[in-house]
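> 3D, please:
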Amino acid sequence: MTISTVAFGLGPIGCRICSRLLERPNDVEVVAAVERDPAKVGRTLAEIVASARGDQVVIGTDAPHAPAGGGVAIQATSSSLEVAVPQAMHLARLGWNVLSTTEELAFPESLDHELTVELDRVARHEGVTVLAAGVNPGYIMDVLPLALTALCTRVDEISVRRVVDTNQRREQLQRKAGVGMRREEFERLAAAGQIGHVGLRQSVTLIAGRLGWALTGVEVSLEPVIAESDVTTPLGPVASGSVLGQHQLAVGRTADREAIRLELTMAAGYPPIDEVFIAGEPPVHQRIEGGLNGDIGTEAVIANLVRPVFEARPGLLTMADLVAVACDTR
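A predicted model of the protein is given here:
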């Protein structure tokens, strides 16, 4: 069965996902595209994503009603729950299942319970599924360690370390990591919540929820990575003493221990790696040399979730609902 999809948001990540879906004409059909950028509205999807397909899809400013058999809207518009939820509700009322890249929607109960309940109510009423996913949050620092716990009879603690070389990533992420900033500017933006990766808190609470751990708190910290010498980056030269990137830490605590520790470094020229450590019986150490590219990974994860979301039960779900097996800690 071919699943109808609509591309809702055609920024860098939205275009990558859309391009991937256009390569799968046997099981996915992109029937519409929506974008707020006036420079893209009225053009064909093929033009925007540089694809041989999509020349019949003209980019508009709103999504059509889903076909009678339903379909999946790929929402790639914002990291913010407040922006994404009204859009997701609108798409749900048009009959679309919603597959979102919004980081704060990956485990939304951790931010706004009332907004979450209303989105879940709308989705159930319309008989559609809403799910947020991606590489991080949505896979590397939460779903992957959860899947690895299926090898354990007991899990005591989970620690994940992810290092990203921003030189290998899109310009938007390099700037979000603070590459090239002065330390003072980074610290000012960090204090105002205007810089840094979104999603570590969601990953911590997603892991804890799936394992049945009652957290007493989640602490998130953000610090700049400072260049020790002059460095050349795709954004230009970074002088010694300026910011090469960021180091972010999220810790989830239970009443008796530090149960979850997620450490993310995104900096220019740092050797990428992904590691998962599980303390338990038996202990598990998973190391991915060279790390996983977040841009490629996000397009792959979202494209591979189209059918599972189409077939899932109605309501607001998280990736923890789709993890087939994990350690039973009850």
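> domain-wise, how is the chain divided?
When the chain is parsed into structural domains using automatic domain parsing, the resulting residue ranges are 3-134+297-322, 143-291.
> pull out the buried positions in stretch 200-213.
Within stretch 200-213, the residues scored as buried using 16 or more other CB atoms under 10 Å are 200-211, 213. (Glycine included, C-beta is placed from N, CA and C.)
> closest one to residue 254 out of those residues, please.
Comparing these against residue 254 with CB to CB places residue 213 closest, at 5.7 Å.
> tell me the pLDDT at the closest one?
Confidence at residue 213, expressed as pLDDT, is 95.
> how about the one 10 residues further on?
Per-residue confidence for residue 223 comes out at a pLDDT of 96.
> host element of it?
Assigning secondary structure by DSSP states H and E places residue 223 in strand 217-226.
> what's next to that strand, contact-wise?
Applying CB atoms under 8 Å, 6 or more residues apart in numbering, the external contacts of strand 217-226 come out as 110, 178, 181, 183, 186-187, 190, 195-196, 200-201, 204-205, 241-253, 265, 267, 270.
> which residues in the stretch 101-250 of the chain form helices?
Using DSSP state H, counting those that start in this stretch, the helices of the stretch 101-250 of the chain run over residues 113-126, 143-148, 171-176, 183-191, 200-211.
> quick one: contacts of the last one?
Contacts made with helix 200-211 from outside it, assessed by CB under 8 Å, 6+ apart, are listed as 103-104, 106-110, 136-137, 141-142, 145-146, 149, 155, 158, 213-215, 218, 220, 248-252, 259-260, 262, 264, 318-320, 323, 326-327, 329.
> keep only those of the contacts of strand 217-226 that are in strands.
In strands, defined here by DSSP state E, the members of the contacts of strand 217-226 are 243-253, 265, 267.
> would you list those in JSON lines and tack on pLDDT?
Output for the ones in strands among the contacts of strand 217-226, formatted as JSON lines (pLDDT from 0 to 100):
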{"residue": "243", "pLDDT": "96"}
{"residue": "244", "pLDDT": "96"}
{"residue": "245", "pLDDT": "96"}
{"residue": "246", "pLDDT": "97"}
{"residue": "247", "pLDDT": "97"}
{"residue": "248", "pLDDT": "97"}
{"residue": "249", "pLDDT": "97"}
{"residue": "250", "pLDDT": "97"}
{"residue": "251", "pLDDT": "98"}
{"residue": "252", "pLDDT": "97"}
{"residue": "253", "pLDDT": "97"}
{"residue": "265", "pLDDT": "97"}
{"residue": "267", "pLDDT": "96"}
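> derive a PyMOL selection command for the buried subset of the residues you listed.
Remark: buried members of the ones in strands among the contacts of strand 217-226, expressed as a PyMOL selection using 16+ other CB under 10 Å:
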select buried, resi 243+244+245+246+247+248+250+251+252+253+265+267
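> okay if I get the ones in strands among the contacts of strand 217-226 as CSV plus distance to residue 230?
Converted to CSV, the ones in strands among the contacts of strand 217-226 look like this (distance: CB to CB, whole Å):
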residue, distance to residue 230
243, 13
244, 11
245, 15
246, 19
247, 20
248, 25
249, 27
250, 32
251, 34
252, 38
253, 40
265, 20
267, 15
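> what's the closest of the ones in strands among the contacts of strand 217-226 to residue 287?
residue 265 (15.5 Å).
> ok, now which ones touch that closest one?
Listed by CB under 8 Å, 6+ apart, the contact set of residue 265 reads 162-164, 225, 245-248.
> centre-most residue in this structure?
Within the chain, one residue has its C-alpha closest to the average C-alpha position: by CA atoms, centre = their mean, that is residue 134, at 3.6 Å.
> taking the contacts of residue 265, tell me the two that lie furthest apart.
162 and 225 (13.7 Å).
> and the helix ranked longest in the chain, average pLDDT?
If each helix of the chain is counted by residues according to DSSP state H, the longest one is helix 294-311. Mean pLDDT, helix 294-311: 94.
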